[in-house]
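Asker: Curious how this folds, go ahead:
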Amino acid sequence: MQVAKLPQAKKRFGQNFLVQPAIVTRIVAVIAPRPGDALVEIGPGPGALTQALLAAQAAATRPLRVIELDRDLLPNLHALAPAERLQVIAGDALQVDFARLAAEAGEPLRVVGNLPYNVSTPLLFHLLAQKDAIVDMHFMLQKEVADRLAAGPGSSAYGRLSLMVQAQARVELLFPVAPGNFRPVPKVDSAFVRLSPYRPSRLLPELLPHFSRVVSLAFAQRRKTLANNFKGVLDGAMLEALAIAPSARAETLDFATFVRLAEALAQKGATS
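Answerer: Residues are numbered from 1 along each chain as shown. Below is the predicted model of the structure:
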């Protein structure tokens, strides 16, 4: 990895550049890129991971594509490899049509990146909305966010983010990453995660809005019971009919139970 003098990180972009070669090597090892992969990197920064991915895909049959919002970093990225090996997309990943990128590649995408922590959650939902165009995602995230993604019932980290992501993708916490691996050094720990969209989906597309609503309501006030949080939407008798105690709290319910609640809400809407 040959990163030139690091550029000045810009706070407005949430930049913390990955600078530790050993971590970059470990990331590439778990991604295990193959020559035919349609790889897309979000937020390449100075290009530490970009260079490692290019080296790992020396026999690639399509270019590595990188998406960078900071225009001051673009000249350095363009200099890393010829256009037939590296395509630099200047812009905001939140505005990128990943389904179109997959269509252009003729293959679903493998998306990787050291995500800016201030926009990581919106980016995840933007990508999951296009999950049919994605094989897997490997991201560096704030550890607190990674823990919430992977959390299960009974955990204080378990909540709306856990369920909405787990409804659409399998989440794997791969390894923690200490702050000293970045410049500037962040004030939080990080973790590297893998998200693999479910095929087929765990939820029917038409059920997702109802699932989202019951999850949002259930966790609206974590300390309140389901009967209180669902007041006016699903009453105690309906909860009991689903074998769910009205006195229970959201963090005690597993994914399957939230699916039953979503189905009940959908049925109620169909008959009301």
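Asker: and the closest residue to residue 189 other than its chain neighbours, what does it touch?
Answerer: Closest residue to residue 189 apart from its sequence neighbours, by C-beta to C-beta, 6 or more residues apart in numbering: residue 143 at 4.1 Å. C-beta coordinates here come from the backbone N, C-alpha and C atoms, glycine included. Residue 143 makes contact with 176, 188-191, according to C-beta atoms under 8 Å, 6 or more residues apart in numbering.
Asker: mind running it again at 10 Å?
Answerer: Applying C-beta atoms under 10 Å, 6 or more residues apart in numbering, we find residue 143 in contact with 173, 176-179, 188-193.
Asker: May I see the buried residues of the longest helix along the chain?
Answerer: For the chain, the helix with the greatest residue count under DSSP state H is helix 255-271. Within helix 255-271, the residues scored as buried using 16 or more other C-beta atoms under 10 Å are 255, 257-266.
Asker: between these, which is closest to residue 131?
Answerer: Closest approach between the buried residues of helix 255-271 and residue 131, by C-beta to C-beta: residue 255, at 16.9 Å.
Asker: That closest one and residue 203, how far apart?
Answerer: Distance of residue 255 to residue 203, computed by C-beta to C-beta, to the nearest Å: 10 Å.
Asker: shared neighbours of the two, which are they?
Answerer: Going by C-beta under 10 Å, 6+ apart, residues that sit against residue 255 and also against residue 203 are 167, 211.
Asker: which non-adjacent residue is nearest residue 191?
Answerer: residue 146 is the one closest to residue 191 (C-beta to C-beta, 6+ apart), at 3.8 Å.
Asker: For the one you found, list the residues it contacts.
Answerer: Counting by C-beta under 10 Å, 6+ apart, residue 146 has contacts 120, 139-140, 157, 171-174, 176-177, 189-193.
Asker: out of those residues, who's nearest residue 106?
Answerer: Closest to residue 106, out of all of the contacts of residue 146 and judged by C-beta to C-beta, is residue 139, at 24.2 Å.
Asker: Pretty sure the closest one sits in a strand.
Answerer: Yes: assessed by DSSP: H, G, I helix; E, B strand; the rest coil, residue 139 belongs to a strand.
Asker: Give me the local confidence score for it.
Answerer: At residue 139, the pLDDT value in this model is 98.
Asker: can you pull the contacts of it?
Answerer: Listed by C-beta under 10 Å, 6+ apart, the contact set of residue 139 reads 27, 42-43, 111-115, 120, 123-124, 127, 145-146, 149, 174, 190-195.
Asker: Thanks a lot, catch you later.
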